[in-house]
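>>> Kindly generate the corresponding structure for this input.
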Amino acid sequence: MPRRLETKLDGLVLLEPDVHGDDRGFLLETFRDDQWRELGVDIRPVQENHSRSAQNTLRGLHFQTSPGQAKLVRCLRGRIWDVAVDLRSDSETFGQWEGYELDDVSHRQLFIPVGFAHGFCVLSEVADFAYLLSSVYDPETESQIAWDDPEVGVEWPISEPLLSARDKTAPHLSEIAARLPW
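This is a model prediction of the structure:
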């Protein structure tokens, strides 16, 4: 059974799995509903995505409104800095962020509940990233906040990120906070 590591944002769950390895390779469970639920991961996956990104790519900070979207994320290859921002207006940690390094050595996973924005940047030459989703992708309810919003203050460990056109023009949290459904 994986170990739950401490996080400061309520609902955010960092997991360190048991990796069973020998000279042939390794095996680890990446999702097991009963054990993950016991550790606070409340997700019924309906979609899984796999992305590959080059070094210094920054994706985020994205989220989906109604019905919301929880994510269970992990790095399959390489190393990333993964970030979650609390967007729940009734939360004591509204607007606060937390970041963790995820890689293909520790195999740590991060569960990001509904009501959080999510983003990551690639620290290695290339990274493969997988995420289970609690609801299917819907472009009509997709939204985002600026990766460099000074009020949120995420400390990204790269100086010149490669960004999509959409991520370059994302609004600040203060511009959309009144419209958030949480």
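>>> okay, which residue is most central for this structure?
Compute the mean C-alpha point of the chain, and by C-alpha atoms, centre = their mean the closest residue is His118, 4.5 Å away.
>>> What strand or helix carries it?
When elements are defined using DSSP states H and E, His118 is found to belong to strand 116-122.
>>> Helices of this structure, start to end?
33-38, 165-168, 173-176 (DSSP state H).
>>> Direction included, what does the strand holding His118 pair against?
Partner strands and pairing direction for strand 116-122 (DSSP bridges) are strand 58-64 (antiparallel), strand 79-86 (antiparallel).
>>> Please save the CA atoms from the first one in CSV.
This points to strand 58-64. Taking only C-alpha atoms (Å, rounded to 0.1, in the frame of the first residue of the first chain), the coordinates of strand 58-64 have been written out as CSV:
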residue,chain,number,x,y,z
LEU,A,58,5.1,24.9,-18.6
ARG,A,59,1.5,23.8,-18.8
GLY,A,60,-1.1,25.5,-16.7
LEU,A,61,-2.6,26.6,-14.5
HIS,A,62,-5.7,24.8,-15.8
PHE,A,63,-9.0,23.7,-14.2
GLN,A,64,-12.5,22.6,-15.2
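>>> which residues sit against it?
Under the contact criterion C-beta atoms under 8 Å, 6 or more residues apart in numbering, strand 58-64 has outside partners 51, 53, 69, 83, 85, 87, 115-122, 135, 137-138, 141-147, 149, 152, 154, 156, 158, 161-164, 167, 170. Quick note: C-beta positions are derived from backbone N, CA and C, even for glycine.
>>> Restricted to buried residues, select those residues in ChimeraX.
If you want just the buried ones from those in ChimeraX, going by 16 or more other C-beta atoms under 10 Å, the selection is:
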select :53,69,83,85,87,115,116,117,118,119,120,121,122,135,143,144,145,146,147,149,152,154,156,161,163,167,170
